[in-house]
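Colleague: Fold the following and give me the result.
(2 chains)
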Amino acid sequence: MSRVPSLDLVERVAAGTVPAIGRLISRAEAASPEARPALARIYARAGRAHVVGLTGVPGSGKSTMVASLTAHLRKAGQKVGIVAIDPSSPYSGGAILGDRIRMADHVLDTGVYIRSMATRGSMGGMARAALDAVDILDVAGFDTIIIETVGVGQDEVEIAKASHTTIVVSAPGLGDEIQAIKAGILEIADIHVVSKCDRSDANRTLTDLKSMLTLGALTTRRQDWQIPVLGISAYKGEGFEALIAKIEAHRRVFFETETGVRRRLAVARFRLEKTAENLLIQRFQAASAERAGPLAERLSLRESDPYTLAATLLEETLGPGASP
Amino acid sequence: MSQPIRVLLAKVGLDGHDRGVKVVARTLRDAGMDVIYSGLHRTPEEVVTAAIQEDVDVLGVSLLSGVQLTVFPKIFKLLGDQGADDLIVIAGGVMPDEDVAAIKEMGVREVLLQDTPPDEIVATLKRLVEERGER
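Modeller: A predicted model of the protein is given here:
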């Protein structure tokens, strides 16, 4: 596997070779220029898989639900790819990626591929890398690809938004209906799931969510799709048939209706902007590292103001006219 | 832009002691690495599959149950079958000196026993990845 050119990995990815898939995802994640022509070929061949984004607050049962959902999709004969995103430490940049633990049942199933990723302080990088990984898994023959993110930051929410079907998971006992509004992730759901419905307080959460959706004008604007609120219990194995039916119904909306055309355009635009944003920030960070020091010194001595010095930094690193 | 070192830390077999491996996970994370933890009671097959899917730089196997001479031959056989020749395998935990020599013979690059200081674990991983070079 060592130092195989990325272009040579494309055919191996298409043949479903696991080490090649793993390596190409790493190179995509590293944004290595060497991998770009290979990723262009991957993009040209992708577009077949159904991409399901899944998000929810920490502890809502996302990973457990992904594991159960995967088991049900496998029974239905689908190959399932999973991109599990966990937060990086803002201090060290390191991350502990623990989602695999709850997916242990699927490790030896060749119809399941699990890849963990860290958020890495974002700046568009995570969105870019995760969506590249999705395309690679798509070309490798996975039918449904689940992106799991922690719904706590803007980018994580946006990743879910960039999927074909977005599922927001809520759990009973994590807060009342006001929390649900505050969380700000209600609006992005195509499907709402309440997990842990073996618990007695789950009905309250189901009712809260349903009434929130009724209150919101957001739901009424959608013509082709009524946002369902579904209860599941991974513990009892209940509710997954209904969930899979809704996912499939939404897939048809995405691929076969006018709403779907608009949504696909929005997804493409998100991806274009995130990729550009990430490339720009990378270029800026690489070029600004040396120049920022002396300017920061002047700022701390109050010789000039932040806006003037920021304009200088932008022009020095990105060229004349870079500052607005 | 240099990527963080990716590490899979694994517990294999019936060994249920994972306090040590969790301390190591935290140490490596604080050194800026991406750490994936397998959870307890994994088989060599599960560990190798996860290491390849995740395309980690380093696979660290923690053992306190004395099964090193059974586990590592299986791991290296499976890695060989998959063509994962550039994966760095290390071991940690408690084991007799003669076993340390034996598993190093099989291909384990370093054995970090229970009294290894955290800084040395970090330094060892960084050195091994640097020696391997780009991949």
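Colleague: Could I get the contacting residues of the most centrally placed residue in chain B?
Modeller: The C-alpha lying nearest the average C-alpha coordinate of chain B belongs to B:Gly60 (C-alpha atoms, centre = their mean; 1.0 Å). Contact analysis of B:Gly60 by C-beta atoms under 8 Å, 6 or more residues apart in numbering or on different chains lists B:7-10, B:21, B:24, B:89-92. For glycine as for every other residue, the C-beta is placed from the backbone atoms N, C-alpha and C.
Colleague: Can you tell me how far it is from A:Lys210?
Modeller: Counting by C-beta to C-beta, to the nearest Å, the gap between B:Gly60 and A:Lys210 amounts to 47 Å.
Colleague: Over to A:Thr64?
Modeller: Relative to A:Lys210, A:Thr64 is positioned 23 Å away (C-beta to C-beta).
Colleague: Could you do B:Val89 as well?
Modeller: As for B:Val89, its distance to A:Lys210 is 52 Å (criterion: C-beta to C-beta).
Colleague: Tell me how many other residues surround the closest residue to chain B within the stretch 201-324 of chain A.
Modeller: Closest to chain B within the stretch 201-324 of chain A is A:Gln282: 6.1 Å, counting by C-beta to the nearest C-beta. Taking other C-beta atoms under 10 Å in any protein chain shown as the neighbour definition, A:Gln282 ends up with a count of 15.
Colleague: And A:Glu290, by the same measure?
Modeller: Other residues lying near A:Glu290 total 10 when counted by other C-beta under 10 Å.
Colleague: and the strand or helix carrying A:Arg269, what does it pack onto?
Modeller: In this structure, A:Arg269 is located in helix A:258-300 according to DSSP states H and E. Secondary structure elements in contact with helix A:258-300, counted by 3 or more C-beta pairs under 8 Å, 6 or more residues apart in numbering or on different chains; DSSP states H and E, are helix A:125-139, helix A:154-161, helix A:240-256, helix A:306-318.
Colleague: could you give the angle of that helix to helix A:125-139?
Modeller: When axes from the mean of the first three to the mean of the last three C-alpha atoms, to 10 degrees is applied, the directions of helix A:258-300 and helix A:125-139 differ by 150 degrees.
Colleague: tilt between helix A:258-300 and helix A:240-256?
Modeller: 90 degrees.
Colleague: ranges for the strands of chain B?
Modeller: Listed in chain order, the strands of chain B (DSSP state E) span residues B:6-11, B:34-37, B:58-63, B:88-93, B:110-113.
Colleague: gap between stretch B:122-135 and the chain center?
Modeller: Distance, stretch centre to chain centre, for stretch B:122-135: 13 Å (C-alpha atoms, centre = their mean, to the nearest Å).
Colleague: I'd like the distance from stretch B:93-102 to the chain centre, please.
Modeller: For stretch B:93-102, the distance from its own C-alpha centre to the chain's C-alpha centre is 15 Å (C-alpha atoms, centre = their mean).
Colleague: measure it end to end?
Modeller: Distance across stretch B:93-102, first residue to last, is 15 Å (C-alpha to C-alpha, to the nearest Å).
Colleague: what residue ranges in chain B score low on pLDDT?
Modeller: For chain B, the stretches flagged by pLDDT under 70 are B:1.
Colleague: Quick check: residues of it near chain A?
Modeller: Taking C-beta under 8 Å from any C-beta of the partner chain as the contact definition, chain B meets chain A at B:1, B:3-4, B:6, B:25-26, B:28-39, B:42, B:45-46, B:49-50, B:52-55, B:82-86, B:134-135.
Colleague: Can you tell me who A:Val194 pairs with across the strands?
Modeller: A:Ser170, A:Gly231 (DSSP bridges).
Colleague: In contact with it, which residues?
Modeller: Counted by C-beta under 8 Å, 6+ apart, A:Val194 has contacts A:169-172, A:202, A:205-206, A:209, A:229-232.
Colleague: still on that earlier bit, compare B:Val89 and A:Lys210 (neighbour count), which wins?
Modeller: A side-by-side neighbour count of B:Val89 and A:Lys210, using other C-beta under 10 Å, places B:Val89 first with 22 against 15.
Colleague: now that one, which residues is it bridged with?
Modeller: Partner residues in beta bridges with B:Val89, using DSSP bridges, are B:Leu59.
Colleague: Stretch A:140-149 spans what distance, first to last residue?
Modeller: So stretch A:140-149: terminal residues 22 Å apart, C-alpha to C-alpha.
Colleague: Settle this for me: A:Glu34 is touching A:Arg3, isn't it.
Modeller: No. The pair A:Glu34 and A:Arg3 does not pass the contact test of C-beta atoms under 8 Å, sitting 10.2 Å apart.
Colleague: Please identify which of the two sits among more neighbours.
Modeller: For A:Glu34 and A:Arg3, the more surrounded residue by other C-beta under 10 Å is A:Glu34, and the numbers stand at 12 against 9.
Colleague: Which of the residues of chain B next to chain A are buried, as a PyMOL select command?
Modeller: To isolate in PyMOL the members of these that are buried, counting by 16 or more other C-beta atoms under 10 Å in any protein chain shown, one can use:
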select buried, chain B and resi 4+6+25+28+29+30+31+32+33+34+35+36+37+38+39+42+46+49+50+52+53+54+55+82+84+135
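Colleague: Narrow the residues of chain B next to chain A to those in helices?
Modeller: Applying DSSP state H to the residues of chain B next to chain A, the entries found in helices are B:25-26, B:28-30, B:45-46, B:49-50, B:52-53, B:82.
Colleague: closest to A:Gly237 out of the strands of chain B?
Modeller: Within the strands of chain B, the stretch nearest A:Gly237 is strand B:34-37; the backing value is 26.0 Å (C-beta to C-beta).
Colleague: In terms of residue numbering, what are the domains of chain A?
Modeller: Annotated domains of chain A cover A:46-256, A:262-324 [automatic domain parsing].
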